[in-house]
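In: Provide a 3D model corresponding to the input given below.
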Amino acid sequence: MKTIQFKKWVCVLKFGQYHNGRTGIELVSEKDGSPVAVATVNIPDVYLDKDEVIIKNYSENEGMLDTLVNAKIVEPTGRKVHTGFVECDVCKLLVK
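Out: Got it, this is the predicted structure:
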């Protein structure tokens, strides 16, 4: 399993699916498996290709996009999605 550093935590990526079949990504502590962050958001009204995700890069997740890009997990598409008061990046998922 690939590990990544997010802020002060060494994490393992846990992939799952939202109720509509879209990919979700959670970061869990490599040390004890406890949840660290949910990297994605699900906005059902926004069109996504099968290999795309929306990354939550604000609030407690600030820095998530850079972390996942540097680890070669995602690549920004240049598209942004409005989620209330903030914008989130639509990214291509680089891992299966």
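In: who touches the helix or strand encompassing residue 69?
Out: Applying DSSP states H and E as the criterion places residue 69 in helix 64-70. Here helix 64-70 makes contact (Cβ atoms under 8 Å, 6 or more residues apart in numbering) with 4-6, 25, 37, 39, 55-57, 74-76, 89, 91. Quick note: C-beta positions are derived from backbone N, CA and C, even for glycine.
In: Would you mind giving the residues you listed as CSV with neighbour count, secondary structure and pLDDT added?
Out: Shown next, in CSV, are those (neighbours: other Cβ atoms under 10 Å; DSSP: H, G, I helix; E, B strand; the rest coil; pLDDT from 0 to 100):
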residue, neighbour count, secondary structure, pLDDT
4, 18, strand, 96
5, 12, strand, 97
6, 19, strand, 97
25, 21, strand, 97
37, 19, strand, 98
39, 27, coil, 98
55, 23, strand, 98
56, 21, coil, 97
57, 20, coil, 97
74, 25, strand, 98
75, 12, strand, 98
76, 14, strand, 98
89, 20, strand, 98
91, 25, strand, 98
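In: how about those residues in a markdown table, adding distance to residue 82?
Out: Shown next, in a markdown table, are the contacts of helix 64-70 (distance: Cβ to Cβ, whole Å):
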| residue | distance to residue 82 |
| --- | --- |
| 4 | 27 |
| 5 | 30 |
| 6 | 25 |
| 25 | 21 |
| 37 | 21 |
| 39 | 19 |
| 55 | 14 |
| 56 | 13 |
| 57 | 14 |
| 74 | 19 |
| 75 | 21 |
| 76 | 16 |
| 89 | 12 |
| 91 | 16 |
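In: And the strands in this structure?
Out: 3-6, 9-17, 23-29, 35-38, 40-41, 52-55, 74-83, 86-93 (DSSP state E).
In: closest one to residue 63 among those?
Out: strand 3-6 (7.2 Å; Cβ to Cβ).
In: Can you list the helices and strands that that closest one packs against?
Out: When contacts are defined as 3 or more Cβ pairs under 8 Å, 6 or more residues apart in numbering; DSSP states H and E, strand 3-6 sits against strand 9-17, helix 64-70.
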